[in-house]
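Q: Return a 3D structure for these sequence lines:
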Amino acid sequence: MKTLIIENETNKEEIIKRINKFRLENKNNWYQLDITYIPNRYLVKAFNTSIQIFKEANKNINYGGIYDLTISEFKSYLYDNIK
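A: Next up is the predicted model:
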């Protein structure tokens, strides 16, 4: 499983753009995201536009899975939950 690591990025739109590009590069495969959007860190396990695990690491909060999103729903979900 491939992992995209994004460290200390301050532009949320750029984070979403990089995640979507990585998703497309890993189509039909599980992938992980390790995102540091200062001061928070997020760990994600996903398959296409389905998110199995979305964890806010520094707060030890896990959000339930959300599956078969449209691409715009996927991007909106990430935008709304990366804070």
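
Q: SS state for residue 68?
A: coil (DSSP: H, G, I helix; E, B strand; the rest coil).

Q: Quick one: list the elements packing against the lowest-mean-pLDDT helix or strand in the chain.
A: The helix or strand of the chain with the lowest confidence, counting by mean pLDDT, DSSP states H and E, is strand 61-63 at a mean of 83. Strand 61-63 is packed against strand 50-56, with contacts defined by 3 or more Cβ pairs under 8 Å, 6 or more residues apart in numbering; DSSP states H and E. C-beta: built from backbone N, CA, C; applies to glycine.

Q: Now stretch 68-83: buried residues?
A: Within stretch 68-83, the residues that count as buried by 16 or more other Cβ atoms under 10 Å are 69, 74-75, 77-78, 82.

Q: quick one: contacts for the nearest residue to residue 39 once chain neighbours are set aside?
A: Spatial nearest neighbour of residue 39, excluding adjacent residues (Cβ to Cβ, 6 or more residues apart in numbering): residue 58 at 7.3 Å. Listed by Cβ atoms under 8 Å, 6 or more residues apart in numbering, the contact set of residue 58 reads 39-41.

Q: Tell me the pLDDT of residue 58.
A: For residue 58, the pLDDT comes out at 84.

Q: likewise residue 49?
A: So, for residue 49, pLDDT stands at 97.

Q: Name the residues that touch the longest helix seen in the chain?
A: Longest helix in the chain by number of residues, with DSSP state H as the criterion: helix 12-25. For helix 12-25, the surrounding residues in contact (Cβ under 8 Å, 6+ apart) are 2, 4, 6, 9, 31, 33, 35, 37, 46, 48-49, 71, 74-75, 78-79, 82.
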